[in-house]
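K.L.:
what follows is a predicted structure for the sequence shown.
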Amino acid sequence: MVVMHKEIMVLIVGALPISELRGAIPLALSYGMPLAKAFWLSVLGNIIPIAPFLFLLEPVSNRLRRFKIWSRFFDWLFERAKKNSETIQKYEALGLAIFVAIPLPMTGAYSGVIAASLLKIRFRYAFIAIASGVFVAGLIVSILCMLGIAGWKMVIK
């Protein structure tokens, strides 16, 4: 049986498309990590995949669209992203950062990469905007976790 270090697990959970740092920060705190360490590992895990995905999303999706099942998947994915892209279109990179910073389902770094690709936002602006959004989302999730922990401790007493 392979045992992973807690830090590596937090990085991996932070890098996963569904959980991102919304799952990584609470996981790290449940491991007993200090908040600062939980925050930075989660943010780092969430930022690491941004650059490769920004570079590879369009060429990979174009190549896979030759197959019917993948074509349907990317049509669905891009259509869903277009529905949520009004703010991003209006404010471009700033809108992208705000979109990613909202720690709700379908608003994280991966959705930001899809939106940046669809709206043809240049790599450097997209990367900085998405990374900034991830940082702010990490702050929000950290604050919410600490408020939840403090509230829970009050209920237990």
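P.N.:
Yep, that arrived.

K.L.:
now the longest helix seen in the chain: mean pLDDT?
P.N.:
Using DSSP state H, we find that the single longest helix of the chain is helix 123-156. Across helix 123-156, the average pLDDT comes to 91.

K.L.:
other SSEs contacting it?
P.N.:
Contacts defined by 3 or more C-beta pairs under 8 Å, 6 or more residues apart in numbering; DSSP states H and E place helix 123-156 against helix 20-30, helix 35-47, helix 50-64, helix 93-101, helix 109-118. For glycine as for every other residue, the C-beta is placed from the backbone atoms N, C-alpha and C.

K.L.:
endpoints of stretch 11-30, how far apart?
P.N.:
14 Å (C-alpha to C-alpha, to the nearest Å).

K.L.:
thinking again about what came up before, now the longest helix of the chain against helix 20-30, angle please.
P.N.:
40 degrees (axes from the mean of the first three to the mean of the last three C-alpha atoms, to 10 degrees).

K.L.:
picking that back up, quick one: closest of the helices and strands packed on helix 123-156 to I140.
P.N.:
Taking C-beta to C-beta, helix 93-101 is the member of the helices and strands packed on helix 123-156 nearest to I140, at 7.2 Å.

K.L.:
dump the lowest-mean-pLDDT helix or strand in the chain to PDB, restricted to CA.
P.N.:
Of all the helices and strands that make up the chain, helix 86-91 has the lowest average by mean pLDDT, DSSP states H and E, namely a mean of 76. Extracted in PDB, the C-alpha atoms of helix 86-91 (Å, rounded to 0.1, in the frame of the first residue of the first chain):
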ATOM      1  CA  GLU A  86     -20.700  37.800 -19.700                       C
ATOM      2  CA  THR A  87     -18.600  39.400 -16.900                       C
ATOM      3  CA  ILE A  88     -15.400  38.100 -18.400                       C
ATOM      4  CA  GLN A  89     -16.300  39.500 -21.900                       C
ATOM      5  CA  LYS A  90     -17.100  42.900 -20.400                       C
ATOM      6  CA  TYR A  91     -14.000  43.300 -18.200                       C
END
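
K.L.:
what residues of it count as buried?
P.N.:
Within helix 86-91, the residues that count as buried by 16 or more other C-beta atoms under 10 Å are I88.

K.L.:
how about residues contacting that helix?
P.N.:
G95, L96, I98, F99, A115, L119 (C-beta atoms under 8 Å, 6 or more residues apart in numbering).
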